[in-house]
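Novice: Provided below for reference: sequence and predicted model.
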Amino acid sequence: MDKPLAFKEQEGWAPSFELSGAAFTGILWPTVCRCPHCRSVYKLAPGLGDVFLGKGERTCSKCEKAFRDRSQEWPELSTLDRFFFLFPGAVCIWTLLGIIFRALFSWAGWTFGKTQILLPAALIFVTPLIAWFVFRGFQVARSIHRFDLHRKAKTA
Ligand SMILES: [Zn+2]
């Protein structure tokens with residue numbers, strides 16, 4: 001564990017923002033992850049990308065030196081980290097927008113009978129969420145598989 005830790009460029013100033021502000025800035029300024037040896041960018045994470053799935057180590061594609069990238073496999077994550085992995089700031093805001101729009105619709109008296117407006121609106125809202133959870137589910141399944149393989153390789 002003597003390998004250096006990757007640089008993350010939001011870290012310095014992000015904590016000074018309030019929680020709601022941080023979620024907002026997370027969307028506008030993605031987290032930039034850099035190799036600690038040569039400072040080349042290896043990852044751009046949208047939102048408050050604090051949780052990554054992976055083996056915890058990475059080899060830089062530029063300078064070919066190893067470093068720790070703060071990633072963990074799914075079975076190692078805490079419940080809170082799992083929550084943040086599945087519901088980062090952008091997803092929370094998107095869900096919140098959906099709830100607000102639904103409230104506006106019912107406030108304006110547009111019932112669910114008017115499917116010609118609501119169906120496309122619901123599709124526009126739900127489709128990215130489904131795509132997001134399918135994508136995340138795939139990542140989680142891959143991480144669990146990787147973790148099991150690693151454990152088997154250790155005990156064998
Ligand atoms: Zn490097």
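Specialist: Perfect, thanks for sending it.
Novice: hang on, Phe84 packs against Leu77?
Specialist: No - using Cβ atoms under 8 Å, Phe84 makes no contact with Leu77, being 9.1 Å away. C-beta coordinates here come from the backbone N, C-alpha and C atoms, glycine included.
Novice: Which neighbours do these two have in common?
Specialist: Val51 (Cβ atoms under 8 Å, 6 or more residues apart in numbering).
Novice: Show me which helix runs longest in this protein.
Specialist: helix 115-155 (DSSP state H).
Novice: pLDDT on it, on average?
Specialist: Per-region confidence: helix 115-155 scores 87 on mean pLDDT.
Novice: Quick check: which helices or strands does that helix pack against?
Specialist: Applying 3 or more Cβ pairs under 8 Å, 6 or more residues apart in numbering; DSSP states H and E, one finds that helix 115-155 makes contact with helix 79-86, helix 89-107.
Novice: could I have the last one exported to PDB, CA atoms only?
Specialist: In this case it means helix 89-107. Extracted in PDB, the C-alpha atoms of helix 89-107 (Å, rounded to 0.1, in the frame of the first residue of the first chain):
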ATOM      1  CA  GLY A  89     -26.200  14.200  -7.200                       C
ATOM      2  CA  ALA A  90     -27.300  14.300 -10.800                       C
ATOM      3  CA  VAL A  91     -29.700  11.400 -10.400                       C
ATOM      4  CA  CYS A  92     -31.100  12.900  -7.200                       C
ATOM      5  CA  ILE A  93     -31.800  16.200  -8.900                       C
ATOM      6  CA  TRP A  94     -33.300  14.400 -11.900                       C
ATOM      7  CA  THR A  95     -35.700  12.400  -9.700                       C
ATOM      8  CA  LEU A  96     -36.500  15.600  -7.800                       C
ATOM      9  CA  LEU A  97     -37.300  17.400 -11.100                       C
ATOM     10  CA  GLY A  98     -39.600  14.500 -12.000                       C
ATOM     11  CA  ILE A  99     -41.500  14.800  -8.700                       C
ATOM     12  CA  ILE A 100     -41.800  18.600  -9.100                       C
ATOM     13  CA  PHE A 101     -43.100  18.200 -12.600                       C
ATOM     14  CA  ARG A 102     -45.600  15.600 -11.500                       C
ATOM     15  CA  ALA A 103     -46.700  17.900  -8.700                       C
ATOM     16  CA  LEU A 104     -47.100  20.800 -11.300                       C
ATOM     17  CA  PHE A 105     -49.100  18.500 -13.600                       C
ATOM     18  CA  SER A 106     -51.600  17.600 -10.900                       C
ATOM     19  CA  TRP A 107     -51.700  21.100  -9.600                       C
END
